[in-house]
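K.L.:
quick one, structure for this:
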Amino acid sequence: MTAIHRGSCLCGKVRFTVTGDLPEVTACHCTICRRHSGHFEASVDLPRDRLAVEGAEHVTWYASSAKARRGFCATCGSSLLFDPRDHDWIAVAMGAFDGPTGTRLALHIFTADKGDYYDIADGVPQNLQ
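P.N.:
Here you go, the predicted model:
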């Protein structure tokens with residue numbers, strides 16, 4: 001049986017379904033992710049064809065760099081998606097999933113840029129960049 005994972009933004013205007021098991025989670029502590037999410041951003045990278053979005057007309061895209069854009073709900077502002085321009089995958093924010101995800105945090109990245117107000121002490125591997 002194929003796993004189905006569902007989620008949404010805070011107001012519910014954007015809903016999504018991911019088909020199949022979720023891969024391990026990456027937490028990004030770079031300055032852009034921190035500013036976009038309000039802390040650090042935890043997400044899963046998925047092949048684009050495994051993600052279906054309902055209410056896509058409510059997603060606003062922001063080009064945060066020449067390499068990627070970020071999708072958020074135009075109504076409630078929920079951070080939802082990270083879309084790298086030259087890759088065949090898209091990242092979905094973990095905080096937007098409903099219920100159990102069946103996955104775990106596997107890696108912290110860009111830890112050299114993390115905020116000075118917190119420590120990363122969970123024993124999960126860290127990459128400075």
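
K.L.:
least confident secondary structure element in this protein?
P.N.:
helix 31-37 (a mean of 93; mean pLDDT, DSSP states H and E).

K.L.:
strand partners (parallel or antiparallel) of the helix or strand following that one?
P.N.:
Per DSSP states H and E, the first helix or strand lying C-terminal to helix 31-37 is strand 41-47. According to DSSP bridges, strand 41-47 forms sheet pairs with strand 25-28 (antiparallel), strand 89-93 (antiparallel).

K.L.:
okay, those strands in a markdown table with mean pLDDT, distance to residue 35 and mean neighbour count next?
P.N.:
Bear in mind the C-beta positions are built from the backbone N, C-alpha and C, glycine included. Formatted as a markdown table, those follow (pLDDT from 0 to 100; distance: least, C-beta to C-beta, whole Å; neighbours: other C-beta atoms under 10 Å):
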| stretch | mean pLDDT | distance to residue 35 | mean neighbour count |
| --- | --- | --- | --- |
| strand 25-28 | 98 | 12 | 21 |
| strand 89-93 | 98 | 14 | 21 |
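
K.L.:
that's all I had, so thanks and see you.
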